[in-house]
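Here you go, sequence then predicted model.
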Amino acid sequence: MAATPQKPAAATPRRKVSRHRGEGQWAVGHHTPLNGNEQFKKDDDGLNVRTRIETIYSKRGFDSIDPNDLRGRMRWWGLYTQRKPGIDGGKTAVLEPEELDDSYFMLRVRIDGGALTTQQLRVIGEISQEYARGTADITDRQNIQYHWIRIEDVPAIWERLEGVGLSTITACGDTPRVMIGSPVAGIAEDEIIDATPALEEMKRRVLNNKAYSNLPRKFKTAISGSPVLDVVHEINDVAFVGVRHPEHGPGFDVWVGGGLSTNPKLGVRLGAWVPIDEVPDVYEGVISIFRDYGYRRLRNRARLKFLVADWGAEKFRQVLEDEYLGGRKLIDGPAPEQPVQQWRDHIGVHRQQDGRFYVGFAPRVGRVDGGTLTKIADLAEAHGSGRVRTTVEQKMIVLDVEQDRVDSLVEGLEALDLTARPSTFRRGTMACTGIEFCKLAIVETKQRGSQLIDELERRLPDFAEPLTINLNGCPNACARIQVADIGLKGQLVLNDRGEQVEGYQVHLGGALGLEAGFGRKVRGLKVTSEELPDYIERVLKRFQAEREEGERFATWAARASQEALS
């Protein structure tokens, strides 16, 4: 009997195998560039563009600049094209880069640790007046930024800056950017440890070093031995925070993986105590991990914070010790103590270790000008000082003032509209560059912030609680909106007439230092620029009415009803 023919078995559907392309990590053999940025960095190191600027572009003009230099490598020397005037915020995301580019540049002067001599400050001011139409903004990373810079003038500017020991090297780009430090390092009476020697050695090792000039993205560094935690350590790629070890004495607690932008993350502690002479080794190890293991496939996942989030602190520390410190084990150590004060900007008059005084004062939202900077240098010198500092709150400090000359200095600053006794609103309001010059911005910030200060001082003259109001022109959080008491993220919104106008999404109750955390977003809460003073006045009056004794705004905002915050 013939066998019954069997029906062929149904073919098993082939499972589509998704081949993982890798993240472009050099340490696992992925050296092929996975995007245009990685390609132009492989083609030529960004540090090399200086020669072309000096020998070609400055002589032939803006139109001679290679596009990969213009929008890429020139950042390695602190240069970004600025926004072409007259382009409104609605076009920011839809125009091509060449349509947004003006033929002028922003130039960033890196000021590591915020440390300047009065001679350096005077030169910065003179360059501003001669080459930058008077512009000279203090950033929240202690730098100073010029605008309206012509490519033809860049070599002369570099010569002037470098003649007094300043530079723009790796002030931008996928590089180790400015190292922020306590502006009162080696000065303040309450200092745990002076981090200056470590900062100087860190600079010596990595600046102008091609071993660290091609990182996956920018790399932000902070170091401070101040107990007031004055360098926003929680939002840097790596931070060294002064602590006292119960057995080994003063040293530093190590943090990694902080950063804001559109995917904010607070840094994490490695749980390691590091003596000051070992800080540069640990720093080189962390930056090398980022270079070798950092993600290079997608730009929006290329910051160190994403690697730290995937690895965790324990694995990160182990790789650091085993692969980059030669097997040396770090000493376990304590976390920094919570500061007893909310303000961390060193505003006002304070006694130094040597019995003299330093005086911190507040420009408006970091906006100064070259003429004012030269006057500050003159005023400081006239009162016996040869040193000034910038802070991460867009403020400035004059050091080394004798007690009998403090009042005269304060009066001189007041005459320049630079107050050492600012209102809460003058002291606590910060703003990014905004649409005036930034190609990423959607709304105006600097003028809006200055006007807001005046309006709130008029409406709430007796408001004295510490409060931060941070205005940002786009979602990238250069002005740290997520960690402000009131953070304002610029966007286009509809007014009550249905018109699209400049406005802000509101974040409430963010903080650093004291119970660090991100602000709360109330569903649907957006305000127009025109409504901003009314809104903030309303919320602050509710805070005053509802707060418990000694309660900070951030604590109240976390528990307040949506109605109270609207």
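Great, that's in hand.

Skipping its backbone neighbours, what lies nearest residue 434 in space?
In space, and not counting its chain neighbours, residue 434 is closest to residue 445: 3.2 Å by Cβ to Cβ, 6 or more residues apart in numbering. Yep, even glycine has a C-beta here, placed from its N, CA and C like the rest.

Can you read off the pLDDT for that neighbour?
Listed pLDDT for residue 445 reads 97.

ok, it - how many residues close by?
30 (other Cβ atoms under 10 Å).

number of nearby residues for residue 157?
Per other Cβ under 10 Å, the neighbour tally for residue 157 reads 21.

Where does it fall, secondary structure wise?
helix 154-162 (DSSP states H and E).

What are the buried residues along that helix?
154, 155, 157, 158, 160, 161 (16 or more other Cβ atoms under 10 Å).

and which of those residues is nearest residue 74?
residue 154 (9.2 Å; Cβ to Cβ).

if I look at the closest one, how far off is residue 437?
According to Cβ to Cβ, to the nearest Å, residue 154 and residue 437 sit 17 Å apart.

What of residue 476?
For residue 476 relative to residue 437 (Cβ to Cβ), the value is 14 Å.

Comparing those two, which shows the higher neighbour count?
Higher neighbour count among residue 476 and residue 437: residue 437, with 23 against 16, using other Cβ under 10 Å.

got the contact list for the residue nearest to the more buried one when sequence neighbours are not counted?
Closest residue in space to residue 437, ignoring its immediate chain neighbours: residue 82 at 4.5 Å, by Cβ to Cβ, 6+ apart. Counting by Cβ atoms under 8 Å, 6 or more residues apart in numbering, residue 82 touches 102, 104, 105, 106, 147, 148, 437, 438, 439.

residue boundaries of the strands in the stretch 1-150 of the chain?
79-83, 101-109, 115-117, 135-138, 144-149 (DSSP state E, counting those that start in this stretch).

Need those strands in a markdown table (columns: mean pLDDT and distance to residue 482).
Converted to a markdown table, the strands of the stretch 1-150 of the chain look like this (pLDDT from 0 to 100; distance: least, Cβ to Cβ, whole Å):
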| stretch | mean pLDDT | distance to residue 482 |
| --- | --- | --- |
| strand 79-83 | 97 | 23 |
| strand 101-109 | 97 | 23 |
| strand 115-117 | 98 | 28 |
| strand 135-138 | 98 | 21 |
| strand 144-149 | 98 | 22 |
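
Make JSON lines from those strands and add distance to residue 336 to it.
Shown next, in JSON lines, are the strands of the stretch 1-150 of the chain (distance: least, Cβ to Cβ, whole Å):
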{"stretch": "strand 79-83", "distance to residue 336": "34"}
{"stretch": "strand 101-109", "distance to residue 336": "29"}
{"stretch": "strand 115-117", "distance to residue 336": "22"}
{"stretch": "strand 135-138", "distance to residue 336": "26"}
{"stretch": "strand 144-149", "distance to residue 336": "29"}
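
now for those, which one comes closest to residue 427?
When those are compared (using Cβ to Cβ), the closest one is strand 135-138, at 14.2 Å.

circling back to that earlier point, nearest to residue 261, of the strands of the stretch 1-150 of the chain?
Comparing the strands of the stretch 1-150 of the chain by Cβ to Cβ, strand 79-83 comes nearest, at 16.5 Å.

hang on, residue 240 packs against residue 222?
Yes: between residue 240 and residue 222 there is a contact at 7.3 Å, judged by Cβ atoms under 8 Å.

where do the contact lists of those two overlap?
In contact with both residue 240 and residue 222: residue 233, using Cβ under 8 Å, 6+ apart.

Helix, strand or coil: sort out residue 252 for me.
Here residue 252 is recorded as strand under DSSP: H, G, I helix; E, B strand; the rest coil.

Look up which residues are beta-bridged to it.
Judged by DSSP bridges, the bridge partners of residue 252 are residue 242, residue 274.

change the start of the numbering to 806 and stick with it
Yes, from this point I'll number from 806; that puts the last item at residue 1057.

In this structure it contacts residue 1028, no?
Yes: Residue 1057 lies in contact with residue 1028 (Cβ under 8 Å); the separation is 7.2 Å.

ok, residue 1107 to residue 1228 distance?
Distance from residue 1107 to residue 1228, counting by Cβ to Cβ: 40 Å.

In contact with the spatially most central residue of the chain, which residues?
Closest residue to the average C-alpha location of the chain: residue 946 at 4.6 Å, with Cα atoms, centre = their mean. Residues in contact with residue 946 (Cβ under 8 Å, 6+ apart) are 982, 983, 985, 1025, 1197.

tell me how far the helix or strand containing the first one is from the chain's mean position?
Read that as residue 982. Using DSSP H and E, the element containing residue 982 is strand 981-986. Offset of strand 981-986 from its chain centre (Cα atoms, centre = their mean, to the nearest Å): 9 Å.

So residue 1204 versus residue 1196, what's the distance?
Residue 1204 sits 12 Å away from residue 1196, taking Cβ to Cβ as the criterion.

So which of the two has more stuff around it?
Using other Cβ under 10 Å, the more surrounded residue of residue 1204 and residue 1196 is residue 1196, with 26 against 23.

what's the closest non-adjacent residue to that one?
Here the residue nearest residue 1196, using Cβ to Cβ, 6+ apart, is residue 988, at 4.9 Å.

quick one: contacts for the one you found?
By Cβ under 8 Å, 6+ apart, the contact list for residue 988 reads 918, 919, 920, 947, 1035, 1151, 1194, 1195, 1196, 1202.
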